[in-house]
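Q: give the three-dimensional model of this entry:
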Amino acid sequence: MTFKEWWVWFKALHFTKKWYLVLIIIRPIVDNFYELKEISALASPLYIVGVLTPVFIFISFTSKKFPKKIPSGNDMPWAVFSAFLVFNCFIFYAIDLSVVAFGDLIKYTTPVLLYYYSRRFVQNAQDLHGILIAFLVSSIFPFGMMIYEAFNPIAIQYIGAGRGGGSRIRGGYGDIMNYAVYIVGLFLVSGYFFLKNVYGKYRLVIKPWHMLLIFGFVIYGLTQIKHVSTWTVSLTLLLLLLLHNLRNLKGIFFVIILLGCIIPFFAEDLYNAQIEPLINKELKVADGETDDSHAFNGRMSRWERYFEVWEQMPAFNHFFGVASSNFDETIIMIGAGMHSDYVRLLFLTGFIGLAFYIIFLFAIGMHYFRLFMPEKFLLIGALASLILWSVSTIPLLYAPFLYITFPIFSYALLPANRQKG
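A: Take a look at the predicted model:
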C-alpha cells in the first residue's frame with residue numbers, strides 16, 4: 001500500500017473506522033497541549049480526546065457497519081485480566097465523583113476498549129497496513145518538534161549526575177515517553193515495511209534506502225531524550241531487524257551496509273556519550289558498589305516501600321487487587337506513580353489478574369511461528385517493546401503505543417487466509 005493507495009482506502013472507510021485513523025494522526029499534536037490541564041480539564045484537548053475515545057468506540061460497536069470480531073481462544077486470558085482491571089477501577093473510583101477520578105477511570109480502562117476495538121477493526125492485512133501508515137504520518141509531527149528543539153528547546157529537563165547528567169527535551173508533552181513512543185514506533189513500523197520489500201515485491205511506503213534515513217532519525221531522537229529503557233527497546237528492535245534480515249540476500253547486504261556504517265564510526269562514541277552514563281548506576285548496583293534500592297534508576301526503593309504496604313493488606317487483595325483495601329496508599333499503587341506496569345498491574349488486578357495478562361502475552365507470542373518473516377518481526381518487536389518497557393515504565397497508559405500494538409496483536413490472531421497481503 002502506497003500513500004496514494006492509502007488515501008483512496010481511507011476515504012472509502014466507514015466512520016466507525018475512519019475516526020480511529022484520524023485520532024492516530026492528530027494524537028501527537030493533541031498531546032503537545034498537556035499543560036492546558038493545569039488551567040481546566042475542560043480546556044485540555046488531551047482530556048477531551050481521552051473522554052471521546054471510549055464514546056466513539058461504543059458508537060462503533062453499536063453500528064451494523066462495523067465488522068464483527070473474528071473469534072480466537074487468545075481472547076479468554078485478556079477477558080479475565082480485563083474483568084479484574086475494570087472491577088477494581090470501578091470499585092475504587094465509584095466512590096469519588098470528581099473530574100480527576102473520572103479521568104483516571106477512563107485512562108486506566110481505555111486499554112481494554114482499545115483491544116476489543118482493534119480485534120474488530122483488523123480483518124485483514126490491508127487494515128493493519130492502513131493503521132501502520134497512519135502512525136507513520138503521525139510521527140512527522142513529533143520528529144519535526146525534536147528537530148526544532150535542537151535549536152529552540154521548548155522544555156528542557158535536567159538530569160541528575162546519578163542518571164548521567166546533562167539535559168533532555170520533552171517538548172510540550174507530559175514526559176519524554178511521548179517522544180519515546182514515536183521513536184520506537186517509527187523504527188518498528190518502518191522495519192516491518194522494509195522487510196516486506198526485502199522478502200517480496202510490494203508497493204509499500206518504505207523503500208530499502210529509506211531505512212538508513214529513518215535509522216538516523218531514530219538515533220537522533222534517542223540522543224535527545226536520553227532514556228535508558230528506550231535505548232534498551234530500540235537496540236532490541238535493531239537486533240531483531242538484523243536477525244530477520246539474514247534469510248534473504250538483500251537483507252544480508254543491508255545488514256553489512258548498516259553495520260559497516262555504525263560500528264567503525266559511531267558505536268563507541270554513542271556508547272560512551274549516551275548509554276554508559278545512563279546505565280552507570282545500574283552497573284554499580286550489579287557490582288555491589290551501591291545499595292539495591294538504587295536499581296532501576298532508584299525505582300526499586302519506591303517499589304519496596306509500597307510492597308511493604310501491600311504485605312499489610314488481606315490475602316484477598318493480594319489475589320484480586322487492592323481497590324477494596326481502604327488503604328490511603330492505594331491511589332498511588334494503582335496509578336502511574338509505580339513506574340512499572342508489572343508492579344502496577346499486580347496491585348491493581350492481583351496475582352490472578354497479572355497472571356492472566358502474562359498468559360495473554362505468552363499466547364500472543366506463540367503466533368510468531370505461524371507468520372511470514374516480516375510479520376514475525378512486527379509481532380515480536382511489538383511484544384518485546386511492551387514487555388521491556390513494562391519493567392520500568394507504564395506502556396499500557398500511553399495510548400499512541402497501543403494504537404499500533406493492539407492492531408498488530410489482532411492481526412496475529414487472524415486465520416491464515418485473512419493474513420495475506
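
Q: rest of the way, CA atoms for contacts and neighbours
A: Noted.

Q: what comes up buried for stretch 189-205?
A: 189-199, 202, 204-205 (16 or more other Cα atoms under 10 Å).

Q: let me know the closest of these to L113.
A: The shortest gap between L113 and any of those belongs to V189, at 22.8 Å (Cα to Cα).

Q: let me see the contact set for that closest one.
A: L132, L136, L378 (Cα atoms under 8 Å, 6 or more residues apart in numbering).

Q: quick revisit: in helices, which of the buried residues of stretch 189-205 appear?
A: V189, S190, G191, Y192, F193, F194, L195, K196, N197, V198, Y199 (DSSP state H).

Q: what about the closest residue in space to N124 that isn't next to it in sequence, distance to E5?
A: Distance criterion Cα to Cα, 6 or more residues apart in numbering; nearest residue to N124, sequence neighbours excluded, is R418 at 5.0 Å. From R418 across to E5, the span is 20 Å (Cα to Cα, to the nearest Å).

Q: same question, V100
A: 42 Å.

Q: which secondary structure state does R168 sit in?
A: Look at R168: counting by DSSP: H, G, I helix; E, B strand; the rest coil, its state is strand.

Q: tell me, how many residues neighbour it?
A: R168: 20 surrounding residues under other Cα atoms under 10 Å.

Q: check what pLDDT it gets.
A: Per-residue confidence (pLDDT) for R168: 77.

Q: returning to what we had before: please report how far the residue nearest to N124 lies from P28.
A: Per Cα to Cα, R418 is found 31 Å from P28.

Q: the two: which is more packed in?
A: Between R418 and P28, P28 has the larger neighbour count (other Cα under 10 Å), namely 22 against 14.

Q: doesn't that one fall inside a helix?
A: Yes: counting by three-state DSSP, one finds P28 located in a helix.

Q: what's it in contact with, if anything?
A: S138, S139, F141, P142.

Q: list only buried entries from the residues you listed.
A: S138, S139, F141, P142.

Q: which among those residues gets closest to V49?
A: Closest to V49, out of all of those and judged by Cα to Cα, is S138, at 15.6 Å.

Q: ignoring the adjacent residues along the chain, who's closest to that closest one?
A: Per Cα to Cα, 6+ apart, closest to S138 is I25, 4.3 Å.

Q: do N88 as well
A: N88 sits nearest to A323 (Cα to Cα, 6+ apart), 5.2 Å away.

Q: contacting residues around the one you found?
A: Contact analysis of A323 by Cα under 8 Å, 6+ apart lists N88, C89, I91, F92, N317, T330, L348.

Q: in stretch 393-400, what counts as buried?
A: T393, I394, P395, L396, L397, A399, P400.

Q: the last one and R27 touch, don't they?
A: Yes: under the criterion of Cα atoms under 8 Å, P400 lies in contact with R27, with a separation of 7.2 Å.

Q: about what we covered before: of the ones in helices among the buried residues of stretch 189-205, closest to R120?
A: Out of these, the member with the shortest distance to R120 (by Cα to Cα) is V189, at 20.9 Å.

Q: can you give me phi and psi for the residue nearest to N88?
A: phi -60, psi -30 (degrees, to the nearest 10).

Q: check V51 too.
A: According to degrees, to the nearest 10, V51 has phi -80, psi -40.

Q: tell me how far it lies from D127.
A: Going from V51 to D127 by Cα to Cα gives 25 Å.

Q: let me see the mean pLDDT of stretch 339-352.
A: pLDDT averaged over stretch 339-352 gives 95.

Q: my error: substitute stretch 244-258 in the last question.
A: Per-residue scores along stretch 244-258 average to 73.

Q: same thing with stretch 73-80?
A: 94.

Q: the residue nearest to N124 against Q123, yeah?
A: Yes: counting by Cα under 8 Å, R418 touches Q123, with 7.0 Å between them.

Q: so which of the buried residues of stretch 393-400 are in helices?
A: Reading helices off these with DSSP H, I get A399, P400.

Q: the buried residues of stretch 393-400 in strands, which ones?
A: Among these, no member is found in strands (DSSP state E).

Q: hey, where'd the helices end up in the stretch 51-200 of the chain?
A: 75-93, 99-121, 125-149, 177-199 (DSSP state H, counting those that start in this stretch).

Q: chain center to the third one, what's the gap?
A: Just to be clear, that refers to helix 125-149. A distance of 14 Å separates the centroid of the chain from that of helix 125-149, by Cα atoms, centre = their mean, to the nearest Å.

Q: in that helix, what's buried?
A: Those would be 125-136, 138-139, 141-143, 145-147, 149, for helix 125-149 by 16+ other Cα under 10 Å.

Q: report all helices and strands that that helix contacts.
A: Applying 3 or more Cα pairs under 8 Å, 6 or more residues apart in numbering; DSSP states H and E, we find helix 125-149 packed against helix 3-12, helix 15-31, helix 177-199, helix 210-225, helix 399-412.

Q: what's the angle between that helix and helix 210-225?
A: 50 degrees (axes from the mean of the first three to the mean of the last three Cα atoms, to 10 degrees).

Q: I359: which element?
A: I359 belongs to helix 341-365 when assigned by DSSP states H and E.

Q: in that helix, what's buried?
A: Counting neighbours by 16+ other Cα under 10 Å, helix 341-365 gives 341-361, 363-365 as buried.

Q: okay, the angle between it and helix 75-93?
A: On the basis of the same axes, to 10 degrees, helix 341-365 is oriented at 160 degrees to helix 75-93.

Q: quick one: residues in contact with helix 341-365.
A: 74-75, 77-78, 80-82, 84-85, 88-89, 303, 310, 317-323, 333-336, 338, 379-380, 383, 390-396, 409, 412-413.

Q: mind redoing it with 6 Å?
A: 77-78, 81, 84-85, 318-322, 334, 338, 390, 394 (Cα atoms under 6 Å, 6 or more residues apart in numbering).

Q: separate out the buried members of these.
A: Neighbour counting with 16+ other Cα under 10 Å marks 77-78, 81, 84-85, 318-322, 334, 338, 390, 394 as buried within the contacts of helix 341-365.

Q: how far does the helix or strand where V391 lies sit from its chain's centre?
A: Using DSSP H and E, V391 sits within helix 373-392. Put simply, helix 373-392 sits 9 Å off its chain's centre (Cα atoms, centre = their mean).

Q: export that helix to CSV, keeping only CA atoms.
A: Provided in CSV are the C-alpha atoms of helix 373-392 (Å, rounded to 0.1, in the frame of the first residue of the first chain):
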residue,chain,number,x,y,z
MET,A,373,9.1,-13.3,8.2
PRO,A,374,8.1,-9.6,8.1
GLU,A,375,5.1,-10.2,10.2
LYS,A,376,7.3,-12.2,12.6
PHE,A,377,9.5,-9.2,13.1
LEU,A,378,6.4,-6.9,13.6
LEU,A,379,4.8,-9.1,16.2
ILE,A,380,7.9,-10.0,18.2
GLY,A,381,9.1,-6.4,18.0
ALA,A,382,5.8,-5.0,19.4
LEU,A,383,5.7,-7.7,22.1
ALA,A,384,9.3,-7.1,23.1
SER,A,385,8.7,-3.4,23.3
LEU,A,386,5.7,-3.9,25.6
ILE,A,387,7.5,-6.5,27.8
LEU,A,388,10.7,-4.5,28.2
TRP,A,389,9.1,-1.1,28.7
SER,A,390,6.8,-2.6,31.3
VAL,A,391,9.7,-3.2,33.7
SER,A,392,10.3,0.4,34.5
